[in-house]
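>>> Show me the folded form of this:
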Amino acid sequence: MSDPTQVLKEEFRRHLETFYARLNLAPPYESVEKAVRTLTTIVHALPQDEQVKIVADPALQWQRFREAFETSGLVKKHRGIIAGLVRHRTAVNLPVEYDHLLDLFRG
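Residues are numbered from 1 along each chain as shown. Below is the predicted model of the structure:
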């Protein structure tokens, strides 16, 4: 198996690119990179078998992606704009799994 950290970093970066593209927002590149580094730190702190489980389980991936998104401060970027966009979920052109991130902007 490839390095779990590398696999998760690439997947997270891809999801962040999709997230911002579908919201028609320019991604805050420095903050995106900080979020990816935060994910790396989170994953490296876990035992190897746990890392492998995360790679194999999309639900576990999204838990870690959300943790990195929030912990890194990326959730604070474009906050007002995104909160306005997600007021009506049907208006957001993102698959349901992105609700892990979108929920951070609701309420």
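
>>> secondary structure element for Leu46?
Under the criterion DSSP states H and E, no helix or strand holds Leu46.

>>> For it, list the residues it contacts.
Ile54 (C-beta atoms under 8 Å, 6 or more residues apart in numbering). C-beta here means a position set from N, CA and C on the backbone, and glycine is covered the same way.

>>> mind checking the SS state of the residue nearest to Leu60 when sequence neighbours are not counted?
Closest residue to Leu60 apart from its sequence neighbours, by C-beta to C-beta, 6 or more residues apart in numbering: Ile54 at 4.5 Å. For Ile54, the secondary-structure state derived from DSSP: H, G, I helix; E, B strand; the rest coil is helix.

>>> By mean pLDDT, point me to the weakest helix or strand of this structure.
helix 79-85 (a mean of 94; mean pLDDT, DSSP states H and E).

>>> what's whichever helix or strand comes after that helix packed up against?
Downstream of helix 79-85, the next assigned helix or strand under DSSP H and E is helix 99-102. Where contact means 3 or more C-beta pairs under 8 Å, 6 or more residues apart in numbering; DSSP states H and E, helix 99-102 is packed against helix 58-71.
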